[in-house]
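Chemist: Need the 3D shape of this:
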Amino acid sequence: MNNTVELLKKLTSAVGVSGDEEEITVLLTQLLSPYGQVKTDAIGNVSCTFGEGYHFLLDAHMDEIGLTVTEITEDGFVKFSKCGGIDLRMLPASEVVILGKERINGIISTKPPHLQTAEDEKKAPKLHDLSIDTGLTEGELKTKISLGDRIIFNRNFTELLNGQISASCLDDRSGVAAILMCLDELKKLNCKITVLFSSQEELGTRGAKAGAFSKNVDEAISVDVSFAYTPGCDKDECGILGGGAMIGVSPILNREMTKKLISVAEKNKIKYQQEIMSGRTGTNADVISVCEAGIKTALISIPEKYMHQRVEVVDVDDVEAVSKLICAYIGERVGEINA
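Modeler: Here you go, the predicted model:
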């Protein structure tokens, strides 16, 4: 578990707001280089292929939600827009970092409760009403940041009790971790593996659309996070934190792969739960499955509390269960194919 925690800490420390994933790209290139040649394509995907034979694609997105600088005001505040699915309710009083020519710390403005009207208390803030306060003047800001610069939430990594972790961007760095953790075992198998750490998922699964193309893949597994139950949520729409890998069941996912994943989990006593979806999954699996002439695709997710917040929570055991399931599934499939 300690190695998993350290890997999650390293991965969530690196910055990678959608469309500006350079820092996480450098880290992932380093982590993948022992396995084969690492490539970065025009849209920013990072991929690595090794081995020969039946070809498996393992995908997880590396980007994270954030903000974008849109204006520097005369009174020295920074206006911004969303980059990805931001929950406006969490923004007031949040600590942020503007990624300009240097990193500038700031606080998103908030009205003290003493000054709020009764109407203010009933509504979520509007984006145009919010600003970032850095303590700098307009002139100072213009020498340090530019319009279009990305903004991240101040990093948080906290080890909770019972193997749970709270951190920024566990969506989907926990999926990245699950794939990285199984590569040593997969490299021993008589098959071909392509790892795709895709860009711009938070902007509409853009990276995976390009990343899976022309790879001549036989099967693909997409790894992401999904909703873990918290009070107020519908239990039918959520997994259970600590309940193991969430195996996606959906009409758009390959039925045989899904059944095989369940069978392999049971055979190897890997904790799992099923996630039933009526159609689109909202993950890269949606676009990978229809890439080129179609790719057989399955989805495995890690249950996560507080998605798209800066205090996302996962259970380390679930991350490890996903990694074990990927290894066991590919190992069994290779045995069948090469028999």
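
Chemist: OK, contacts around the spatially most central residue of the chain?
Modeler: Centrality entry for the chain: nearest residue to the mean C-alpha point is residue 172, 1.6 Å, by Cα atoms, centre = their mean. Shown in contact with residue 172 (Cβ atoms under 8 Å, 6 or more residues apart in numbering): 60-62, 201, 223-225. Where you see a C-beta, it was placed from the backbone N, CA and C, and this is true even at glycine.

Chemist: where's it, which helix or strand?
Modeler: helix 170-180 (DSSP states H and E).

Chemist: any idea which helix or strand comes after that helix?
Modeler: helix 183-186.

Chemist: re earlier: without its sequence neighbours, what residue ends up closest to the residue nearest to the centre of the chain?
Modeler: residue 61 (4.8 Å; Cβ to Cβ, 6 or more residues apart in numbering).

Chemist: low pLDDT regions in the stretch 51-200 of the chain?
Modeler: Under the criterion pLDDT under 70, the flagged ranges of the stretch 51-200 of the chain are 111-123.

Chemist: which residues in it form strands?
Modeler: Taking DSSP state E, counting those that start in this stretch, the strands of the stretch 51-200 of the chain run over residues 55-61, 66-72, 77-83, 95-99, 103-108, 132-133, 150-153, 157-159, 164-167, 192-198.

Chemist: Any idea which of those gets closest to residue 11?
Modeler: In terms of Cβ to Cβ, the element of the strands of the stretch 51-200 of the chain nearest to residue 11 is strand 164-167, at 9.0 Å.

Chemist: Packing partners of the closest one?
Modeler: On a contact count with 3 or more Cβ pairs under 8 Å, 6 or more residues apart in numbering; DSSP states H and E, strand 164-167 meets helix 2-13, strand 157-159, strand 312-315.

Chemist: Quick one: closest of these to residue 326.
Modeler: helix 2-13 (14.3 Å).

Chemist: just the CA coordinates of the closest one, formatted as PDB?
Modeler: Taking C-alpha atoms only, helix 2-13 is exported to PDB below (Å, rounded to 0.1, in the frame of the first residue of the first chain):
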ATOM      1  CA  ASN A   2       2.800   2.400   0.800                       C
ATOM      2  CA  ASN A   3       4.100   2.200  -2.800                       C
ATOM      3  CA  THR A   4       0.600   3.000  -4.100                       C
ATOM      4  CA  VAL A   5       0.200   6.000  -1.800                       C
ATOM      5  CA  GLU A   6       3.600   7.400  -2.900                       C
ATOM      6  CA  LEU A   7       2.700   6.900  -6.600                       C
ATOM      7  CA  LEU A   8      -0.700   8.700  -6.100                       C
ATOM      8  CA  LYS A   9       1.100  11.500  -4.300                       C
ATOM      9  CA  LYS A  10       3.600  11.900  -7.100                       C
ATOM     10  CA  LEU A  11       0.900  11.800  -9.800                       C
ATOM     11  CA  THR A  12      -1.400  14.200  -8.100                       C
ATOM     12  CA  SER A  13       1.400  16.700  -7.400                       C
END
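
Chemist: Pull out the buried positions in that helix.
Modeler: 4-5, 7-9, 11-13 (16 or more other Cβ atoms under 10 Å).

Chemist: what's the angle from it to helix 170-180?
Modeler: 130 degrees (axes from the mean of the first three to the mean of the last three Cα atoms, to 10 degrees).

Chemist: Give me the mean pLDDT for helix 2-13.
Modeler: Helix 2-13 comes out with an average pLDDT of 93.
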